[in-house]
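Asks: Mind looking at a prediction? Sequence and model below.
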Amino acid sequence: MVNTVSSKARVQRKAQAHAPAHVKRKMLSAHLSQDLRAKYGVRTARVCKGDTVAVLRGDEDIRGTEAKVLEVFTKTGRVSIDGVTINQADGTATVRPIHASNLVITKLNTEDAWRVESLSKNKEAKK
């Protein structure tokens with residue numbers, strides 16, 4: 001979260017909303033599954049488009065869902081997942097944003113070589 005001195009909720013919400021992009025990026029991190037944690041030696045990673053995630057928290061209809069990430073909303077710290085929709089008042093289905101902290105990453109999108117290298121470096125550094 002944003003490093004603030006205040007313990008007031010409204011001040012922390014404002015700090016999150018007005019945080020720069022490099023700080024908001026960290027707010028989009030989620031836990032890795034046990035096997036990924038053992039493989040890369042890190043506990044969390046940033047959720048990216050193309051990752052496969054499982055929903056840990058939320059309503060009963062979405063909890064336990066495992067699907068690919070379609071879109072990442074850095075402004076709000078939420079992600080949209082394939083198959084998780086909500087019906088609007090006119091009956092059309094739209095994506096349902098889920099906060100990244102309520103997810104666990106089960107499969108990483110390894111198309112980005114820099115990302116894989118960065119995760120592997122962390123394991124080497126801990127040895």
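Replies: The structure has been received and is ready for your questions. Source: prediction; values computed, not measured.

Asks: and the helix or strand of the chain with the lowest mean pLDDT, what other elements does it pack with?
Replies: None of the helices or strands of the chain scores lower by mean pLDDT, DSSP states H and E than helix 113-126, at a mean of 81. Applying 3 or more C-beta pairs under 8 Å, 6 or more residues apart in numbering; DSSP states H and E, we find helix 113-126 packed against helix 34-40. No exception for glycine: its C-beta is placed from N, CA and C like everyone else's.

Asks: before we move on, back to that, ok, and what's touching the least confident helix or strand of the chain?
Replies: Tyr40, Gly41, Val42, Ala45, Cys48, Leu108, Asn109, Thr110 (C-beta atoms under 8 Å, 6 or more residues apart in numbering).

Asks: Centre of the chain to the longest strand anywhere in the chain, how far?
Replies: When the chain is parsed with DSSP state E, its longest strand is strand 66-73. Mean-position distance between strand 66-73 and its chain equals 9 Å (C-alpha atoms, centre = their mean, to the nearest Å).

Asks: for the least confident helix or strand of the chain, which positions count as buried?
Replies: Leu119 (16 or more other C-beta atoms under 10 Å).

Asks: Then stretch 54-70?
Replies: Buried, per 16+ other C-beta under 10 Å, within stretch 54-70: Ala54, Val55, Gly58, Ile62, Thr65, Val69.

Asks: Where do the helices of the protein begin and end?
Replies: 9-17, 21-24, 34-40, 113-126 (DSSP state H).

Asks: mind giving me CSV with those helices and columns for distance to Asn102?
Replies: Listed next are the helices of the chain as CSV, based on distance: least, C-beta to C-beta, whole Å:
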stretch, distance to Asn102
helix 9-17, 16
helix 21-24, 17
helix 34-40, 17
helix 113-126, 22
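
Asks: So for the residue nearest to the spatial centre of the chain, what's the pLDDT?
Replies: The residue lying closest to the centre of the chain (C-alpha atoms, centre = their mean) is Ala100, at 3.1 Å. Looking at Ala100, its pLDDT reads 93.

Asks: Tell me which residues touch it, please.
Replies: So Ala100 contacts Met27, Leu28, Ser29, Ala30, Val47, Gly77, Arg78, Val79 (C-beta under 8 Å, 6+ apart).

Asks: Alright, that wraps it up for me.
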